[in-house]
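[1] Could you work out the structure for the sequence below:
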Amino acid sequence: MTGNAGVTRFVPKSGERDVSPVDQFAALADPTRCRVVELLSGKARPVHELAAAFDISRPAISRHLRVLKEAGLVKEEKRGRENVYALQRARLKPMQDWLDKHRAIPAKQTKQPKPKMP
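    Sure, this is the predicted structure:
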């Protein structure tokens with residue numbers, strides 16, 4: 001991971017694209033994609049199993065998976081005739097780092113101002 005203007009980026013392996021936390025948060029801005037990540041947090045799952053958990057078409061699930069894959073949050077592996085998707089836990093770190101950075105309270109703001117006496 002590298003920093004660029006205060007934003008941590010995941011340094012991709014060969015063949016992967018550079019992804020910023022903003023790209024990742026944008027991918028998670030959809031409730032269906034958040035639910036897919038939740039399902040994948042337990043174990044890798046084939047696309048048909050993921051599709052069965054939703055009341056939308058399989059092509060729609062495939063589009064959601066493509067967005068998550070492009071954001072580096074999931075990886076796809078071909079196993080026989082099935083495409084199996086897995087959560088890329090290490091790729092969540094740039095988002096966590098970004099949140100931690102903005103959650104921290106600057107030292108100046110940690111002291112409460114003294115109330116003024118009338």
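[2] so for stretch 82-89, what's the average pLDDT?
    Regarding stretch 82-89, the rounded mean pLDDT is 95.
[3] Same question for stretch 29-38.
    97.
[4] who are the neighbours in contact with Ile56?
    Thr32 (CB atoms under 8 Å, 6 or more residues apart in numbering). In this view, the C-beta of every residue, glycine as well, is placed from N, C-alpha and C.
[5] and with 10 Å instead?
    Thr32, Arg63, His64 (CB atoms under 10 Å, 6 or more residues apart in numbering).
[6] How is it classified with respect to secondary structure?
    coil (DSSP: H, G, I helix; E, B strand; the rest coil).
[7] Export the contacts of Ile56 as JSON lines, with columns for distance to Ala44.
    Below are these laid out as JSON lines (distance: CB to CB, whole Å):
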{"residue": "Thr32", "distance to Ala44": "18"}
{"residue": "Arg63", "distance to Ala44": "20"}
{"residue": "His64", "distance to Ala44": "16"}
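[8] centre of the chain versus stretch 50-57, how much separation?
    20 Å (CA atoms, centre = their mean, to the nearest Å).
[9] What is the end-to-end distance of that stretch?
    Across stretch 50-57, the terminal residues are separated by 11 Å (CA to CA, to the nearest Å).
[10] Buried residues, that stretch. List them.
    Buried residues in stretch 50-57, counted by 16 or more other CB atoms under 10 Å: Leu50, Ala51.
[11] taking the contacts of Ile56 one by one, which sit in helices?
    Members of these lying in helices (criterion: DSSP state H): Thr32, Arg63, His64.
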